[in-house]
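Whatever this is, show me its structure:
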Amino acid sequence: MVKAIIFDLDDTLLWDQRSVKEAFAATCEAARDKYDLDPERLEEAVRKEATRLYQSYETYPFTQMIGINPFEGLWGNFLDEDDQFKQLAKVVPAYRKEAWVNGLKELGVDDPDFGEELAEQFPKERRKRPFIYEDTFTLLDQLHGHYQLLLLTNGSPDLQMTKLEITPEISPYFDHILISGAFGRGKPDPAIFEHALSLLGVSAEEALMVGDNLMTDILGANQAGIPSVWVNRHGKRAGEVKPVYEIKQLLELNELLTSIE
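Residues are numbered from 1 along each chain as shown. Model (predicted):
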């Protein structure tokens, strides 16, 4: 019998990819106004540069372990206590500027001051755009009070809590919020899933893990023996990592719970 449900946050409950996409669009619009640049080409160039630079820093293995992607580096402050986060916080101002300056250069514009302006604009645009999937609250309303709910998210506690602060309706549904940066390891490490179970006081068989990412949410749950539910909104194919269950929309979870029980 299912007693507890563990949810991923980004691109499961929060539509993070859309928030990032729209923040890029708004920021790149300023480059169209000033230099008549194609906003989509600039976005592509900055994303490429950001990814390349991000992987070049000494902080990269840590960000991989905790689960912080390059585009979070473009707007997060990482005001966390841990020394590794302090190192990351030192790196990000130059990282942001360089990603935008180099992105502009890719399109033939050499203007470091303007690159810095865009680097400062992007975090503001991202904070203004917290998108939540339409069915998130409907589902949480249906589950709340019937199951223990735990939010299990990879990332910096400072940044993940910022996301929850700009969408304040989400947190009250959850009995526990577990952030990889505070725990010290991220999904798919089975240790963080086992810690989630201990917080809930349930066995692996009494829980479900619901998430969109096969390589973190589903792989980690499978390794910890927790039945996994893959939210596959885009009709992707599972590769080597196979979920126990698959749904296309969050609201299908209710039907799934009924069939399990």
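
Can you tell me the closest non-neighbouring residue to residue 87?
Spatial nearest neighbour of residue 87, excluding adjacent residues (Cβ to Cβ, 6 or more residues apart in numbering): residue 59 at 5.6 Å. For glycine as for every other residue, the C-beta is placed from the backbone atoms N, C-alpha and C.

Check the gap between that neighbour and residue 66 for me.
10 Å (Cβ to Cβ, to the nearest Å).

between the two, which one's more packed in?
A count of neighbours by other Cβ atoms under 10 Å puts residue 66 above the other of residue 59 and residue 66, at 27 against 22.

So residue 16 is in contact with residue 8, correct?
No. Taking Cβ atoms under 8 Å as the definition, residue 16 is not a contact partner of residue 8, at 10.4 Å.

between the two, which one's more packed in?
residue 8 (24 against 21).

Run through the residues that contact the more buried one.
Residues in contact with residue 8, defined by Cβ atoms under 8 Å, 6 or more residues apart in numbering, are 152-153, 187, 209-213, 216-217.

want to try a markdown table for those, with neighbour count, secondary structure and pLDDT as columns?
Formatted as a markdown table, the contacts of residue 8 follow (neighbours: other Cβ atoms under 10 Å; DSSP: H, G, I helix; E, B strand; the rest coil; pLDDT from 0 to 100):
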| residue | neighbour count | secondary structure | pLDDT |
| --- | --- | --- | --- |
| 152 | 30 | strand | 98 |
| 153 | 27 | strand | 98 |
| 187 | 27 | coil | 98 |
| 209 | 28 | strand | 98 |
| 210 | 25 | strand | 98 |
| 211 | 27 | strand | 98 |
| 212 | 22 | coil | 98 |
| 213 | 20 | coil | 97 |
| 216 | 21 | helix | 97 |
| 217 | 30 | helix | 98 |
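
Can you lay out those residues as a markdown table showing distance to residue 124?
Below are the contacts of residue 8 laid out as a markdown table (distance: Cβ to Cβ, whole Å):
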| residue | distance to residue 124 |
| --- | --- |
| 152 | 29 |
| 153 | 23 |
| 187 | 29 |
| 209 | 34 |
| 210 | 31 |
| 211 | 29 |
| 212 | 27 |
| 213 | 27 |
| 216 | 28 |
| 217 | 30 |
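
Can you tell me which of the residues you listed is nearest residue 144?
residue 210 (14.4 Å; Cβ to Cβ).

For the residue nearest to residue 87, what are phi and psi?
Per-residue torsions, residue 59: phi -80, psi -10 (degrees, to the nearest 10).

My guess is it contacts residue 91. True?
Yes. At 5.7 Å, residue 59 counts as touching residue 91 under the criterion of Cβ under 8 Å.

By mean pLDDT, flag the weakest helix or strand of the chain.
When the helices and strands of the chain are scored by mean pLDDT, DSSP states H and E, helix 252-260 comes last with a mean of 94.

Show me what counts as buried in the longest helix seen in the chain.
For the chain, the longest helix by residue count, based on DSSP state H, is helix 83-106. Within helix 83-106, the residues that qualify as buried are 84-85, 88-89, 91-92, 95-104, counting by 16 or more other Cβ atoms under 10 Å.

what comes into contact with that helix?
By Cβ under 8 Å, 6+ apart, the residues outside helix 83-106 that reach it are 31, 35, 37, 42, 45-46, 48-50, 53-54, 57-59, 62-63, 68, 73-74, 76-80, 110-112, 114-116, 118-120, 122-123, 156, 158, 181.

Now the element after that helix, going C-ward?
Per DSSP states H and E, helix 83-106 leads on to helix 112-127 as the next helix or strand towards the C-terminus.

quick one: that next one to chain centroid distance?
21 Å (Cα atoms, centre = their mean, to the nearest Å).

angle of it against helix 83-106?
Inter-element angle recorded for helix 112-127 and helix 83-106: 120 degrees (by axes from the mean of the first three to the mean of the last three Cα atoms, to 10 degrees).
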